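In: here you go, sequence then predicted model.
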Amino acid sequence: MNPLPLGERRTRRGYPPVVMALLLAAACGGPDLPEPVGVGGDFSLVDQRGDAWNLADHRGRPAVLFFGFTSCPDICPNTLAEIRTVRERLGDDADAVQVLFVSVDPERDTPQRLADYLAAAAPGAVGLTGTAEDLAAVARMYGASFDRVPQGDRGDYTVDHSAWTYVLDRDGVVRFLLRYEEGPDELEQALRAVLRGA
């Protein structure tokens with residue numbers, strides 16, 4: 001497997017060092033990540049109900065984690081659609097998998113906006129937000145990146161962001177890292193692996 005850019009979006013600052021390590025790991029051995037890569041970890045944010053949410057409190061369930069924002073025109077809805085497709089394929093096992101959507105747009109993605117968006121785009125998913133500082137810290141932990149990009153002269157903006165999908169095992173450890181270009185088959189394979197404890 002050859003390393004590819006972070007989906008179709010990459011910040012002008014280039015790849016964080018931890019992402020370069022992940023790309024090299026993927027190039028050498030496929031999407032299965034060795035434990036010492038050093039990406040991921042526990043974090044606390046606010047969910048779409050406005051309640052505190054901590055990853056450590058949800059151990060025991062595999063998870064799919066994705067960084068995005070509700071105004072994203074393409075990458076986020078496409079990724080969430082793939083996740084929905086895979087959950088349908090999993091059948092009864094789908095309920096064992098958490099879907100975590102971490103916002104990279106704290107100014108617009110309030111808990112209520114996340115709730116409304118995910119109710120349509122990814123029913124059952126947990127939407128997570130927080131302060132800009134909180135979200136930047138979580139992104140650094142996972143080797144993700146995002147950058148607010150002004151558009152026009154009326155204060156409009158979009159957010160360029162990395163497009164990795166992370167598959168976490170029951171202990172909250174990142175086991176698989178999937179690029180935007182990879183499709184639902186790879187995600188299904190990764191989830192089935194963590195569900196059986198591989």
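Out: Sure, I can see it. Everything numeric here is computed off the predicted structure, so don't read it as measured data. Numbering: from 1, shown residues only.
In: ok, N54 - contacts?
Out: By CB atoms under 8 Å, 6 or more residues apart in numbering, the contact list for N54 reads 42-44. (C-beta placed from N, C-alpha, C; glycine too.)
In: how about 6 Å then?
Out: By CB atoms under 6 Å, 6 or more residues apart in numbering, N54 lies in contact with S44.
In: pLDDT weak spots in the chain?
Out: 1-38, 198 (pLDDT under 70).
In: 90 instead, please
Out: 1-39, 151-155, 180-183, 197-198 (pLDDT under 90).
In: longest helix of this structure?
Out: helix 75-90 (DSSP state H).
In: counting contacts, what elements does it pack onto?
Out: strand 63-68, helix 184-195 (3 or more CB pairs under 6 Å, 6 or more residues apart in numbering; DSSP states H and E).
In: burial-wise, tell me which of those comes out on top.
Out: Most buried of the helices and strands packed on helix 75-90, by mean neighbour count (mean count of other CB atoms under 10 Å): strand 63-68, with a mean of 24.
In: which residues touch the residue nearest the centre of the chain?
Out: The centre of the chain sits closest to F66, judged by CA atoms, centre = their mean, with a distance of 1.2 Å. Contact partners of F66, counting by CB under 6 Å, 6+ apart, are 79, 101, 165.
In: so D147 belongs to a strand, correct?
Out: Yes: checked against DSSP: H, G, I helix; E, B strand; the rest coil, D147 lies within a strand.
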